[in-house]
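Participant: I would like to see how this sequence folds:
(2 chains)
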Amino acid sequence: MPDVIDWRAYVRSQLPEITGDSARDLDIVEELAQHLDQLFTEKRASGGSSDEAFAQAARELLDHKLVREIRRASSANTSAATPPSMRGAHVGRDFLQDARYAVRLLIRNPGFTSAAILTLTLGIGMTAAIFTVIDGVLLRPMPYPEPSRLVMVWETDRDSGTSREPGSFPDFLDYRQRSRVTDRLGALVPFDASLQPDDGDPLRVAALAASPDVFEMLGIRPVSGRSFTPEDDRSGAPPTVLISERLRAAAFAGGSIVGKTIRINDRLRTVIGVVPGNADVGITQLLRAANYGGGFAARDPRLHVDVWAPLQGDERRWPRSTHPILLMGRLRSGIDRGAAQQQLAAVAADLEREYPRDNDARGVSVESLQDVIFGPVEPPLALLMAAVGVVLVIACVNVANLLLTRGTRRLREVAVRSALGAESSRLARQFVAENIVMTMGAGVLGVIVAIVLVRALLAIAPGDIPRLADVAVNGRVMLLAFAVAAAIGVVFSLVPVAQTRRGALQPILRSENPHASGGHDGQVFRAALVVAEVAFAVLLVTGAALLIKSFWHLRSTSPGFEMSGVLKAEFELPASRYPVEQRPMPTSPAILRFNDALVQRVGALPGVQAVAFAANHPLDGGFASSFLVVGREEESRNWPEISIRRVTPGYFDTLHIPIVRGRGLEDRDADPKSPGVLINQTVADQFFKGREAVGQAIGFFGQPWRIVGVVGNERSQGVAKEAPIAVYLPLAMVPSSAEALIVRSSGDPAALANVVRATIRELDPRLVVFGLEPLQETLSKSLSEQRFLMLLLGLFAALAIALAAIGVHGVLSCTVAQRTREIGIRMALGASAREVIGLVVLRGAAFAAVGLLVGLGLALAFARLISGLLYGVKPTDGATLAAVVLTCAVVAALSLWLPVRRAVSIDPLVALRQE
Amino acid sequence: MQYMLRNLLGREVKKGSAELLILALLEERSRHGYEIGKLIETRSDGAITFQIASLYPMLYRLEKRGLIDGRWVEKAGQRRRRYYRLTAEGRKVLRTHRSFWHEFLEALDRVARIRHA
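Facilitator: I've put the predicted structure just below:
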């Protein structure tokens, strides 16, 4: 080895990444070369050979981290210092290392890990589950082309104050011709279809008759066959039908159904195509939104449209005086709803002038289709999202407190590591890695919890939430869950990262207390967190309590009739076998014969106490008509429409509806020469105040009816709504093809279901019996939305208060641990157990009291927001608030129990020896 | 085992005290990198040594943080060398280091009784 070595060249050869292209690189090469040269010279001077001296010097450059360390340390811009290809690898390697360490740390602390991960999993899982529902129902784009242009064109009635009425068929034709604001206007009419499948009993399915424009606007494309053409829609055209894939799979054998004929409502129709099962998205909701004429949707929101028929409208069948048509339109490009409302209102005014008898007081209201479909579900879903957000916040606060407690114990470790040379940035990266590993683990478990919760939610959710069937945990929800988890992980890291500053660590090293918590600020912060937890928990508990009380009120509100023991069964008598003649009132000897025979047979069944018929069962609103009181025609011009209820005389006995004045209905009241009716108490109070109603005549359907009695109110529009004004007329006088059989049983009404169905089918095997259930069940279904909200909010509130109790307990336990020596000293100096308990209880009570006060304030504001969802309960209901305060106080007291026990059992000698 | 433990402790402590050592030496006067490394070795009686891989990255870090200032100086009769001197900021940090180590050693002594009674 020569004595003169070109050390610069040697350095460049050993460290090729230091290229020497920049001035800085040249400096580094020069400096290192000088160091090696001096080292080599000294070794030679002390007697070593050239080879030995060279080897010793060369060893200094063997460290493979040297280049990275030099680059990082010397360059102003570290991203330029590290070659791009190496940058990601360094960050990745560091993070993997930190992640592995974090996992080991979590495993070594099973108590903390399980508590933290479980808490976060529940919070993230619930949030993801509710978001899944909201995403699937509200946020996903509608399947219609250009949904923002679609509108419902309702008719309004100034006299009755209704604003979402169906229109007449002639009105539809006029609007379609005269509208300048829509490029399409379609009509829909719901109906029930009885059809005969290939095998088995006849089926009852939901059906919709619609004009071809409706299919175009909703973007319904058949998966096989074709859609309707204007030719199919012509009155008198050959009867055709589209069926859903769902029906096709359930009712018909393999092979193509297109071109086959099937029997629907006793009429043969040719199947021209099959549409997707979700072609009816939103249909149920817009039918239910109508003031009347909602058909199957008003009866059961879970039904799906399985049969689509052309409208084949006919002014003779649907004259201007009848209003069965729901109008849907698509606004022209550039036309907004306001302009459409204006122009169509002008058309309505023209029609009112042209047809004063039929269109008197009728106007129009244009409403966005999306508002109609989603309007009713947005408030409850928003409430659930807010509530679950509060639960997530409480869960995070709880885990933050756990982390702070653990962080306290780790501070000494961190302080020593920092003193021994660990860089702050390195420590910070490790904290972030630890927290993200923990929260991402909770995120993964949270997604699993969400999948399970979503299934449970779908099972109990009310049927009128649109698109519920398609709700499922998808990529977007998972992304949200992981994003929330990562964000929580980063936020959790902020405090320990701040604590890695040397200045913050010095007091830890100086302190003799093994539970030193990094100062007074840390304790205040933790106390504030716990108070916030308690406040949020009080908020949720109040909301849940109000909803529970509201639901209890609904359940205990009398509907005006006796439900227990009553079974109902519904069926529709097809016109082909039970014709109805209109002369001038409808009459049908066939229906009357069927009814009489059925009443006798069912009445003879064992266990049956009473039987009756009605055109609409007690919880079915039915339809309404304008009316007047004979002799007060002028006065009645602005009266609202009256609910028409067609019943048999036994209806009131069967349902135990009291006769308040006069008498009940009798067979003689069906005499066309002198038909008799009953009015309900509300009609008597509103329109016959201070007068005797019995004996007076009420006019509707173009003729007078004698009032023979007054009956108690029936909440036929659901228990949440007051009973409408109603008149009861004999079913025999105005027979109905659609009927409900009401049977009072001496025992369990469900036990009668099969035999009642069999009895009906005996009389007519081709009849489809549906809605066969006890009335209690019908009522229960009608309360499904309130029940759903109550259950979910109750669950959130229970979780929130449990977490808050854990939080209070945790902070107090920490306080007791920190003040062990102080408590020991006090006890050694003679303090009694009561005084020690007072120390702990005072602090805990302070948290609870402040949290309660703040929470009540928040709760009152929150309760006002949900007042629309309450029934029979004011948002400021004193009894409910008192119950909430009591519950929270009891839970707070329970959470104090363990810390108090710990404090009282401190041995002063052990505590003093802590030094 | 004890040798390994001493090695581990030595590495960790050296890492934490490197800054202090370098700043303290530069407080006396400006020095170049080789001189700094040599002085640390001799004054510690060989207990603490720094090789290129730890010395120069530390010098460059301190320079980047503005605690020391490096410049090429050509003294009479000698080749051009890079000398480092302590900045005002560096003096402040040195004071903090000294205070921290003083307290740290006191704490260690209280816990682990490292000095003779």
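
Participant: Could I get the full set of strands for chain B?
Facilitator: All strands of chain B, identified by DSSP state E, fall at B:31-32, B:68-74, B:80-86.

Participant: Need those in a markdown table (columns: mean neighbour count and mean pLDDT).
Facilitator: From N, CA and C alone the C-beta is placed, and that goes for glycine too. Listed next are these as a markdown table, based on neighbours: other CB atoms under 10 Å in any protein chain shown; pLDDT from 0 to 100:
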| stretch | mean neighbour count | mean pLDDT |
| --- | --- | --- |
| strand B:31-32 | 20 | 94 |
| strand B:68-74 | 15 | 90 |
| strand B:80-86 | 19 | 92 |
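
Participant: residues from chain B in reach of chain A?
Facilitator: Residues of chain B lying near chain A by CB under 8 Å from any CB of the partner chain: B:12-18, B:32-34, B:37, B:51-54, B:56-61, B:63-64, B:72, B:79, B:81-82, B:96, B:100, B:103-104, B:107, B:110.

Participant: Can I get the buried ones among these as something I can paste into ChimeraX?
Facilitator: To isolate the buried ones among the residues of chain B next to chain A in ChimeraX, judged by 16 or more other CB atoms under 10 Å in any protein chain shown, type:
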select /B:12,14,16,17,18,32,33,34,37,51,52,53,54,56,57,58,59,60,61,63,81,82,100,104,107
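
Participant: Of the residues of chain B next to chain A, which belong to helices?
Facilitator: With helices taken from DSSP state H, the overlap with the residues of chain B next to chain A comprises B:12-18, B:33-34, B:37, B:52-54, B:56-61, B:63-64, B:96, B:100, B:103-104, B:107, B:110.

Participant: Mind pulling up the pLDDT for residue 14?
Facilitator: This is for chain A. Model confidence at residue A:14, expressed as pLDDT, equals 79.

Participant: You answered for a different chain; I wanted chain B.
Facilitator: Looking at residue B:14, its pLDDT reads 67.

Participant: can you check residue A:687 too?
Facilitator: pLDDT for residue A:687: 94.

Participant: The nearest residue to it once chain neighbours are set aside and chain B: what is the separation?
Facilitator: Nearest residue to residue A:687, sequence neighbours excluded (CB to CB, 6 or more residues apart in numbering or on different chains): residue A:629, at 6.2 Å. To chain B, residue A:629 is 96 Å away according to CB to the nearest CB, to the nearest Å.

Participant: Could you check how many residues crowd around residue A:629?
Facilitator: Around residue A:629 sit 21 other residues, with neighbours defined as other CB atoms under 10 Å in any protein chain shown.

Participant: residues touching it, list them.
Facilitator: Applying CB atoms under 8 Å, 6 or more residues apart in numbering or on different chains, one finds that residue A:629 lies in contact with A:635-636, A:687-688, A:696-699.

Participant: beta partners for it?
Facilitator: As for beta bridges, residue A:629 partners with residue A:698 under DSSP bridges.

Participant: Kindly reformat the contacts of residue A:629 as CSV containing neighbour count.
Facilitator: Listed next are those as CSV, based on neighbours: other CB atoms under 10 Å in any protein chain shown:
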residue, neighbour count
A:635, 11
A:636, 17
A:687, 21
A:688, 18
A:696, 18
A:697, 14
A:698, 22
A:699, 17
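
Participant: for those residues, which one is nearest residue A:763?
Facilitator: Using CB to CB, residue A:698 comes nearest to residue A:763 of the contacts of residue A:629, at 34.4 Å.

Participant: Contact partners for the closest one?
Facilitator: Going by CB under 8 Å, 6+ apart, residue A:698 touches A:627-630, A:677, A:679, A:704-705, A:707, A:727.

Participant: Same list (these) but as a markdown table, adding distance to residue B:46.
Facilitator: Converted to a markdown table, those look like this (distance: CB to CB, whole Å):
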| residue | distance to residue B:46 |
| --- | --- |
| A:627 | 113 |
| A:628 | 117 |
| A:629 | 118 |
| A:630 | 123 |
| A:677 | 117 |
| A:679 | 113 |
| A:704 | 123 |
| A:705 | 119 |
| A:707 | 119 |
| A:727 | 112 |
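
Participant: who wins for neighbours among the residues you listed?
Facilitator: Greatest neighbour count in those, by other CB under 10 Å, goes to residue A:679: 29 neighbours.

Participant: tell me how far stretch A:674-683 is from the chain's mean position?
Facilitator: Relative to the centre of its chain, stretch A:674-683 is centred 42 Å away, using CA atoms, centre = their mean, to the nearest Å.

Participant: What count of nearby residues applies to the residue of the stretch 251-400 of chain A found nearest chain B?
Facilitator: Residue nearest to chain B within the stretch 251-400 of chain A (CB to the nearest CB): residue A:400, separated by 29.2 Å. Other residues within reach of residue A:400, judged by other CB under 10 Å, total 22.

Participant: Look up how far residue A:847 lies from it.
Facilitator: The spacing between residue A:400 and residue A:847, counted by CB to CB, to the nearest Å, is 15 Å.

Participant: Spell out which residues of the stretch 551-700 of chain A are next to chain B.
Facilitator: Nowhere does the stretch 551-700 of chain A come near chain B, counting by CB under 8 Å from any CB.

Participant: where along the stretch 551-700 of chain A do the strands fall?
Facilitator: A:566-572, A:581-582, A:586-587, A:608-614, A:623-625, A:628-629, A:642-647, A:659-662, A:676-680, A:697-700 (DSSP state E, counting those that start in this stretch).

Participant: Give the bridge partners for residue A:581, please.
Facilitator: Applying DSSP bridges, one finds that residue A:581 bridges with residue A:587.

Participant: Excluding its own residues, what touches the strand or helix carrying residue A:754? List them.
Facilitator: Residue A:754 is part of helix A:753-763, with elements assigned from DSSP states H and E. Helix A:753-763 is contacted from outside by A:567, A:569, A:571, A:594, A:597-598, A:601-602, A:605, A:741, A:743, A:767, A:769, A:772-773, using CB under 8 Å, 6+ apart.

Participant: out of those, which are buried?
Facilitator: Neighbour counting over these (16+ other CB under 10 Å) leaves A:567, A:569, A:571, A:594, A:598, A:601-602, A:741, A:743, A:767, A:769, A:772-773 as the buried ones.
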